[in-house]
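> sequence and predicted structure are below.
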Amino acid sequence: MLTIYRRHGRRCPHRNEGQSYIRCSCPIWAYGELNGERARISLDTRNWTRAGRKAANLEHDPPAPGKPFIEAVEGFLSANKDLAAGTLRGYRNTLRQFQTITDGGIWRS
């Protein structure tokens, strides 16, 4: 089940009143459980009624789980083969660090 709330910006005068204050124009987000996992999702709206419909649609038809990390990395690198060698090397190094953090394994290119 998703719970919708206003995510107040730094300059919102109602920020100190917490998530339960809804009478401002800050973006609306949802948190809860989708596909058996915890989720926090932007509903890309500031309209409370529209946000309720979007949250209900997400609960009824949740998004499909993403690709495994290594599959996503390979797709990204193959789509960007025309970049300079130094840029690709930098991407590989950064993505290798993400792989180590997320899976605890070592990604080898």
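Happy to help now that I have it. On a predicted model such as this, the values are computed, not experimentally measured, just so you know.
> distance of the residue lying farthest from the centre of the chain relative to Phe98?
Largest separation from the mean C-alpha position in the chain: Ala85, at 29.3 Å (CA atoms, centre = their mean). The gap separating Ala85 from Phe98 is 21 Å, by CB to CB, to the nearest Å. Bear in mind the C-beta positions are built from the backbone N, C-alpha and C, glycine included.
> quick one: what helix or strand has the most centrally placed residue in the chain in it?
Closest to where the C-alpha atoms of the chain average out (CA atoms, centre = their mean) is Ile41, at 6.3 Å. Here Ile41, judged by DSSP states H and E, is contained in strand 37-42.
> and the helix or strand immediately after that strand in the chain, how far out from the chain's middle?
Using DSSP H and E, the helix or strand that follows strand 37-42 in sequence is helix 48-60. Put simply, helix 48-60 sits 17 Å off its chain's centre (CA atoms, centre = their mean, to the nearest Å).
> buried stuff in helix 48-60?
Ala51, Gly52, Lys54, Ala55, Leu58 (16 or more other CB atoms under 10 Å).
> got the contact list for it?
Met1, Leu2, Ile4, Ile22, Ile28, Ala30, Leu34, Ile41, Leu43, Asp44, Thr45 (CB atoms under 8 Å, 6 or more residues apart in numbering).
> spatially nearest residue to the fourth one, not counting backbone neighbours?
It stands for Ile22. Arg6 (5.5 Å; CB to CB, 6 or more residues apart in numbering).
> cool, and the fifth one?
On the basis of CB to CB, 6+ apart, the spatially nearest residue to Ile28 that is not a chain neighbour turns out to be Ala51, at 4.0 Å.
> give me the distance between that neighbour and Arg7.
Ala51 is 11 Å from Arg7, by CB to CB.
> overlap of the contact sets of the two?
Shared contacts of Ala51 and Arg7, counting by CB under 8 Å, 6+ apart, come down to Ile28.
> could I get the contacting residues of Arg6?
Taking CB under 8 Å, 6+ apart, one finds Gln19, Tyr21, Ile22, Cys24, Cys26, Pro27, Ile28, Trp29 in contact with Arg6.
> again, only using 10 Å
12, 14-15, 17-29, 46, 48, 51 (CB atoms under 10 Å, 6 or more residues apart in numbering).
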